[in-house]
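**Q** what would the 3D arrangement of this be:
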Amino acid sequence: MQYFVIWPDGQKFGPATIDVLNGWIAEGRINGDTLLESVVDGSQIKAGAIPGLAFPATAPASEAPAAAPAAAPTESPERYLVVMPDGTKYGPADVTTLRQWVAEGRINAQTNLQEEMTGRTILAGSLPGLSMVQSAAQQVIQQPTYQQPTVPYPRMDPVAQYGDGGKADYTRSLVFSILGFLCCPLVFSSLGIVYGNKAKQAGHPNGQTAVILGVISLVVGMGLGIALNMSRFSQILQQR
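**A** Numbering: from 1, shown residues only. I've put the predicted structure just below:
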């Protein structure tokens, strides 16, 4: 079973399997109140109600510990995606890792960084904690060689990347198949078969039905066309 992740602003990401969703739960990207939409029937349900999703147990409340001495401020745990000039994104990486890439000449002060949690884009030179002192030989920007995540973070890519589950192709297939019954079945019915196959490949539950309807439209349409033409041809022969 696969689901789309629906964010509060209405955007959809996915689809993703149960294993992928569990990975996002472990990374804190979705929680029990996150709304998911089934790829099969379009039904929407909260992530916490889906069997197979493992959410961490809430720690029991305990008495507040005695006040401890103020600790020295630590670096923000915020992580960032490196956005290359061609739009390719790498990461996410924390400030310590970004320092290493600065030292290796992979990023500089003009490199765009995108906050993992908020999606806000900033210049690396404006990020506190990054030192942009580089040698002249290090000024040439190299694309980081680290590996991208196996499954992209859902907020990185819009629904366009994943499509609409074949809904548009399914609709086109029905329209062309119906037109094939009326005229030009060789053209319209063939298009109905093509778009039905696309809908099937995109995971639409009725994609196979659309393909079958296109085939029926092609056969019936051509049969009717041949029958009509034979009748007219017979009339012409009789007139002669």
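**Q** from here on, just use CA atoms for contacts and neighbour counts.
**A** OK.
**Q** where does Glu37 land in three-state SS?
**A** The assignment at Glu37 comes out as strand when based on DSSP: H, G, I helix; E, B strand; the rest coil.
**Q** residue contacts, it?
**A** Residues in contact with Glu37, defined by CA atoms under 8 Å, 6 or more residues apart in numbering, are Tyr3, Phe4, Val5, Ile6, Ser43, Gln44, Ile45.
**Q** so the first one sits in a strand?
**A** Yes. Judged by three-state DSSP, Tyr3 forms part of a strand.
**Q** so it touches Asp19, yeah?
**A** No. Under the criterion of CA atoms under 8 Å, Tyr3 is not in contact with Asp19, lying 11.2 Å apart.
**Q** those two: which is more packed in?
**A** More crowded of Tyr3 and Asp19, by other CA atoms under 10 Å: Tyr3, with 24 against 13.
**Q** show me the contacts for the nearest residue to that one once chain neighbours are set aside.
**A** Ranked by CA to CA, 6 or more residues apart in numbering and with sequence neighbours excluded, the top spatial neighbour of Tyr3 is Ser38, at 4.6 Å. For Ser38, the contacting residues are Met1, Gln2, Tyr3, Phe4, Gln44, by CA under 8 Å, 6+ apart.
**Q** what's the neighbour count on the second one?
**A** Gln2 is flanked by 18 other residues according to other CA under 10 Å.
**Q** can you list the domain ranges for this protein.
**A** The chain breaks down by automatic domain parsing into domains covering 2-49, 80-138, 167-239.
**Q** mind checking which of those is nearest Pro56?
**A** Between Pro56 and the domains of the chain, the tightest spacing by CA to CA is seen for domain 2-49, at 8.0 Å.
**Q** need the helix or strand of this structure with the lowest average pLDDT.
**A** Within the chain, confidence by mean pLDDT, DSSP states H and E is lowest for helix 159-162 among all helices and strands, at a mean of 46.
**Q** can you give me the buried ones in the helix ranked longest in the chain?
**A** Taking DSSP state H as the criterion, the chain has its longest helix at helix 207-239. Buried positions in helix 207-239, judged by neighbour count with 16 or more other CA atoms under 10 Å: 207-222, 225.
**Q** which helices and strands does that helix pack with?
**A** Judged by 3 or more CA pairs under 8 Å, 6 or more residues apart in numbering; DSSP states H and E, the packing partners of helix 207-239 are helix 167-182, helix 185-201.
**Q** hmm, back to that, specify which member of the contacts of Glu37 is nearest to Ile107.
**A** Val5 (32.0 Å).
**Q** and the pLDDT at that closest one?
**A** With respect to pLDDT, Val5 scores 83.
**Q** also Val133?
**A** The score at Val133 is 50. That number is its pLDDT.
**Q** one more: Pro69?
**A** On pLDDT, Pro69 comes in at 54.
**Q** and for the one 3 residues further on?
**A** Model confidence at Ala72, expressed as pLDDT, equals 46.
**Q** make 332 the first number, not 1, from now on.
**A** With the count now opening at 332, the last piece we talked about shows up as Ala403.
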